[in-house]
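Asks: Sequence and predicted structure are below.
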Amino acid sequence: MSEEKELSFYEKLSALITELKAPKGQRNNFGKYNYRSAEDILEAVKPLANKYGLVPMLTDEIVQVGDRYYVKAKAVITDGINTEKASGFAREPESKKGMDESQITGTASSYARKYAMNGLYQIDDTKDADTDEYKQQVDSAKPKKITKTQAKALQTRVDKLAELVSSKTEKHITGVQMAEKITDTKFLQVIPLAELDTEQFLTATRYADELEKAYSKK
């Protein structure tokens, strides 16, 4: 009688993915739809992982991308030697009615973990109303593009700063060059002032203030 062949790590992971059924165990009564949470996915993964001798893990960390902070979740599965992982990001809305700051962070963490596990275990949530709802919440909190008046005011400010820097360094610098220096320094790319969003506008303005103070003392 031949011995049963030991499955490789990726054969085990493939079998887990094939057998995985993550029910939509949560209910949004207001939107009248069911959805799956990160907890639903993890509870469905655990018995299959145990069956195939695999260990699932989840971690969170806060990362800064530009001027924004995101929750980065990492979903990992391992057999102790081999490892496969995927990451998911979610940004906290600035506020959400009825929630304190810790609850808002917890919500972002849950979504980030859900996205990470979706990627790792190949779960298609593109038509999940819960995913759509969160995207709408985040999109509604995104900063808007500045107005023409704000762009013109910032350009005037930058032009004056360029004159100050030119006089202090005895090297001519134009307003356009100064704007490029500011955006490249703060956003790691040259962005026309008229294309800044409201958060970038505030960052650029603060940096212009810092430069003005520094060069005024020279």
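Replies: Yep, that arrived. Numbers count the residues shown, from 1 in each chain.

Asks: Report the rounded mean pLDDT for stretch 6-15.
Replies: The average pLDDT within stretch 6-15 is 94.

Asks: Tell me which residues of it come out buried.
Replies: 9, 12-13 (16 or more other CB atoms under 10 Å). For every residue, glycine as well, the C-beta is placed using N, CA and C.

Asks: next one: stretch 41-49
Replies: Buried residues in stretch 41-49 (16+ other CB under 10 Å): 41-42, 44-45, 48-49.

Asks: what's that stretch in contact with?
Replies: Here stretch 41-49 makes contact (CB atoms under 8 Å, 6 or more residues apart in numbering) with 16, 19-23, 55-56, 58, 77, 113-114, 117-118, 121, 123.

Asks: roughly how far is that stretch from the heart of the chain?
Replies: 25 Å (CA atoms, centre = their mean, to the nearest Å).

Asks: swap in stretch 164-177?
Replies: 37 Å.

Asks: Name the residues that touch that stretch?
Replies: 155, 158-159, 162, 178, 181, 211-212, 215-216, 218.

Asks: hang on, the earlier thing: sort out which one of the buried residues of stretch 41-49 lies nearest Tyr35 for me.
Replies: Tyr35 lies nearest to Ile41 out of those, by CB to CB, at 11.1 Å.

Asks: lowest-confidence helix or strand of this structure?
Replies: Within the chain, no helix or strand scores below helix 129-141, which has a mean of 50 by mean pLDDT, DSSP states H and E.

Asks: one step back: return a ChimeraX selection command for the buried portion of the contacts of stretch 164-177.
Replies: Burial among these is assessed by 16+ other CB under 10 Å; the matching ChimeraX selection reads:
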select :155,158,162,178,181,211
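
Asks: I'd like to know how far the closest residue to Lys51 other than its chain neighbours sits from Ile146.
Replies: The spatially closest residue to Lys51, leaving aside those adjacent along the chain, is Leu16, at 7.9 Å (CB to CB, 6 or more residues apart in numbering). For Leu16, the distance to Ile146 equals 49 Å [CB to CB, to the nearest Å].
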